[in-house]
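Colleague: Show me the folded form of this:
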Amino acid sequence: MVSMSYDSIRTKVVGSTFGDGQEIIRTLKEGERLLLIPEPENPVDSNAILVKTLDGRKIGHIQKELAKEWSPLMLVKNVRYKATIL
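Modeller: The predicted structure follows:
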């Protein structure tokens with residue numbers, strides 16, 4: 001589970017069943033920081049936000065509804081969100 005500082009939102013990462021996402025998640029520890037990276041060139045969803053570990057391992061994506069709101073803020077207004085493992 002991921003928690004973001006947006007008055008504190010808890011959400012699950014989607015798409016972690018593709019690739020090594022589930023395996024990577026099992027190695028993460030509570031409190032570990034994650035990267036949130038907008039993907040405006042994503043062919044499936046131009047609002048997609050990738051979730052990666054600090055060492056660059058891809059876990060999955062933020063839920064579509066949140067990404068639709070956050071991606072424009074991150075890309076246009078340079079808003080940054082914190083993500084940590086709970």
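Colleague: contacts, neighbours, all on C-alpha from now
Modeller: Fine.
Colleague: so how many other residues sit close to Asn47?
Modeller: Taking other C-alpha atoms under 10 Å as the criterion, the count of residues near Asn47 is 23.
Colleague: OK, contacts around it?
Modeller: The neighbours of Asn47, taking C-alpha atoms under 8 Å, 6 or more residues apart in numbering as the test, are 38-40, 64, 67-68, 71-72.
Colleague: how near is it to Leu75?
Modeller: 10 Å (C-alpha to C-alpha, to the nearest Å).
Colleague: which stretch of helix or strand covers the one residue sitting closest to the centre of the chain?
Modeller: Central residue of the chain (C-alpha atoms, centre = their mean): Val51, 3.1 Å from the mean position. Using DSSP states H and E, Val51 sits in strand 49-53.
Colleague: Quick check: neighbours of that strand in the sheet, parallel or antiparallel?
Modeller: strand 33-38 (antiparallel), strand 58-61 (antiparallel) (DSSP bridges).
Colleague: and those as JSON lines, adding mean neighbour count?
Modeller: Shown next, in JSON lines, are these (neighbours: other C-alpha atoms under 10 Å):
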{"stretch": "strand 33-38", "mean neighbour count": "21"}
{"stretch": "strand 58-61", "mean neighbour count": "22"}
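Colleague: by contact count, what packs against the lengthiest helix in the chain?
Modeller: In the chain, taking DSSP state H as the definition, the longest helix is helix 64-76. Helix 64-76 sits against strand 33-38, with contacts defined as 3 or more C-alpha pairs under 8 Å, 6 or more residues apart in numbering; DSSP states H and E.
Colleague: which stretch among the strands paired with strand 49-53 comes nearest Tyr81?
Modeller: strand 33-38 (7.3 Å; C-alpha to C-alpha).
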